[in-house]
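> Model the structure of this input:
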Amino acid sequence: MSNPKPSTDVLVIGGGMAGLAGALALRENGAEVTLLERAPEFGEVGAGLQMAPNASRVLKRWGLLEKALEIGVRPRHLVFRDAVTGEELTRQSLGDSFEERYGAPYVVIHRSDLHRILLDACRDAGVRLVNDVLVETVRTVDGRATAQAADGATYEADVVLGADGLKSTLRRGVAQDGPVSSSYVAYRGTVPITAETPRGDLEDVIVYLGPDCHLVQYPLRKGELLNTVAVFKSASFERGEEQYGGVDELEAAYRDCVPAVRDALKNLATGIRWPMYDRDPIENWVAGRMVLMGDAAHPMLQYLAQGACQALEDAAVLQETSLGTVFTADGADAVGWDAAIRNFNAARAARTARVQRAARVWGESWHVSGLARTLRNLLFKSRKDGDYQYNDWLYGQDGDGVPSAAAPAAREQVSA
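Residues are numbered from 1 along each chain as shown. Below you'll find the predicted structure:
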């Protein structure tokens, strides 16, 4: 006698930001949701992340923004400086007019804190959370998806969300590509803010731009921690070495930078570094009743600080496309999933591809030297604070496919 297959409306593969957000979004629509995570415990590694308004708007829609603000920081400015001279190049005020324009604040938060907020919300909403399950394949038969786990277990669902990250196994169902190396690596660190910490920049996100390197600093946890990220072109990574013993390569990358930048390297945890990859954009994320989301669908370099933001957008748009197709005023209709995930794919692929490509170009502009650096600095200095022309496409309330007000009303109609 064969083992019974655990069955669910929605099966989510991966318990990172994208998986939790997708699970929560569809649970809010009324789906029975099971999430499978390969790790024995839920958690998020890394340090800080920046949530632009296009992401904090989504948290606001789900009633989670206040939780993020309780533990995060609302920076006053986003400031760019030349790492060699220390000269300020441009700044963006992130106060009332910025929030009013984009419908939500800019928030910096520890990755583990945002992850915990989403995890707790999933638990509270009734998402079934299962650890220690490695899904190897998903196939679709007669309008139902079956996920096969490494331990022999199988799971059935009306639809599967593939949210298994940059090195996604499930992506093989739609594309035979692989991660693309950027030649850059990152060291990260969070240290307590003390009386000796330079006070001037503790309310801002500061980005120092240098030849083949940059450094980012901002406060976390209500100003108790200072987050530092150092990114540079690595000869050893270009040779294929993801990790590297010693700090000589790190220190050499910043030798021509101002003391404020060189001193900040002391804040880094140098035992591990983060090699930076993305993938080339793909148009199709759907295979039968499986659809990719988050880094599995559109991994991107971090120069626009949009990786987690785009994952939250994904979840909100999928929440929308499944309303009226699967979840209607007359109840749920699983037949509608084919249209819902195709509509989601169509709504998101061009948007995320633009962000992926823009992140690559943005990173290149940060790291130039010589004449290109001179021209870059002139361009940055020509921009005035309050000029939103470079922000609107990314942060604007019409660009991400997430209606700013329609969704809550639509959910109320479905649940009535």
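> quick one: the residue nearest to E242 when sequence neighbours are not counted and E364, what's the gap?
Excluding its sequence neighbours, the residue lying closest to E242 (CB to CB, 6 or more residues apart in numbering) is P275, at 4.7 Å. In this view, the C-beta of every residue, glycine as well, is placed from N, C-alpha and C. With the distance defined as CB to CB, to the nearest Å, P275 ends up 18 Å from E364.
> For the residue nearest to E242, name its beta-bridge partners.
In this structure, P275 bridges to V185 when assessed by DSSP bridges.
> wait, isn't it in contact with E238?
No: the pair P275 / E238 is not scored as a contact, 10.4 Å apart, by CB atoms under 8 Å.
> tell me, how many neighbours does the residue nearest to E242 end up with?
A count of neighbours around P275, defined by other CB atoms under 10 Å, yields 19.
> In contact with it, which residues?
Listed by CB atoms under 8 Å, 6 or more residues apart in numbering, the contact partners of P275 are S181, V185, S234, F237, E242.
> next one: R360
With contact taken as CB under 8 Å, 6+ apart, R360 is in contact with S182, D278, L301, Y303.
> try 10 Å this time
Contacts here follow CB atoms under 10 Å, 6 or more residues apart in numbering; on that basis R360 touches V180, S182, D278, D280, M300, L301, Y303, L304.
> and which of the residues you listed is nearest to R116?
R116 has its nearest neighbour among these in M300, at 23.5 Å by CB to CB.
> Quick one: the strands in the stretch 201-350 of the chain, in order.
Counting by DSSP state E, counting those that start in this stretch, the stretch 201-350 of the chain has strands at residues 204-210, 213-220, 225-233, 269-278, 286-287, 290-292, 327-328, 331-332.
> what about these, which gets the closest to D392?
Nearest of those (CB to CB): strand 204-210, 19.1 Å.
> Can you name every helix or strand that that closest one contacts?
When contacts are defined as 3 or more CB pairs under 10 Å, 6 or more residues apart in numbering; DSSP states H and E, strand 204-210 packs onto strand 77-82, strand 88-93, strand 213-220, strand 225-233, helix 259-264, helix 337-366, helix 370-382.
> Between those, which one is closest to G126.
Nearest of the helices and strands packed on strand 204-210 to G126, taken as CB to CB: helix 337-366 at 20.0 Å.
> ok, of the contacts of P275, which come out buried?
Listed as buried from the contacts of P275 are V185, S234, F237; burial here means 16 or more other CB atoms under 10 Å.
> just to revisit the earlier point, list residues touching both of P275 and E238?
Residues within reach of P275 and of E238 at once, by CB under 10 Å, 6+ apart, are S181, S182, S183, Y184, V185.
> Who are the contact partners of the third one?
Okay, so that is S183. Counting by CB under 10 Å, 6+ apart, S183 touches D212, F232, K233, S234, A235, F237, E238, P275, M276.
> Could you measure from the residue sitting nearest the centre point of the chain over to D113?
Residue closest to the average C-alpha location in the chain (CA atoms, centre = their mean): A308, at 1.4 Å. For A308, the distance to D113 (CB to CB) stands at 12 Å.
> Common neighbours of the two, please.
Common neighbours of A308 and D113 (CB under 10 Å, 6+ apart) are E44, L49.
> Show the low-confidence segments of the stretch 251-400 of the chain, by residue range.
398-400 (pLDDT under 70).
> sorry, back to before: figure out which of the strands of the stretch 201-350 of the chain is closest to L59.
When those are compared (using CB to CB), the closest one is strand 213-220, at 16.8 Å.
> Compute the number of surrounding residues for A347.
Residues near A347, counting by other CB under 10 Å, number 18.
> where exactly do the helices run in the stretch 1-150 of the chain?
Along the stretch 1-150 of the chain, counting by DSSP state H, counting those that start in this stretch, helices occupy 17-28, 53-61, 65-71, 96-102, 111-125.
> Now A157: phi and psi?
Note on A157: its backbone torsions stand at phi -160, psi 160 [degrees, to the nearest 10].
> Show me the beta-bridge partners of the residue lying closest to it once chain neighbours are set aside.
Closest residue to A157 in three dimensions, ignoring its sequence neighbours and counting by CB to CB, 6+ apart: L11, at 3.6 Å. Note on L11: beta-bridge partners by DSSP bridges are T34, V160.
> right, and L11 touches V138 too?
Yes: using CB atoms under 10 Å, L11 is in contact with V138, at 8.4 Å.
> Pull up the overlap in contacts between those two.
Taking CB under 10 Å, 6+ apart as the contact rule, L11 and V138 both touch A145, T146, A147, Y155, A157, V160, G162, R289, M290.
> what would those residues look like in a markdown table with neighbour count and distance to N391?
Converted to a markdown table, these look like this (neighbours: other CB atoms under 10 Å; distance: CB to CB, whole Å):
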| residue | neighbour count | distance to N391 |
| --- | --- | --- |
| A145 | 22 | 39 |
| T146 | 19 | 44 |
| A147 | 25 | 39 |
| Y155 | 22 | 42 |
| A157 | 28 | 38 |
| V160 | 32 | 35 |
| G162 | 31 | 31 |
| R289 | 23 | 37 |
| M290 | 24 | 34 |
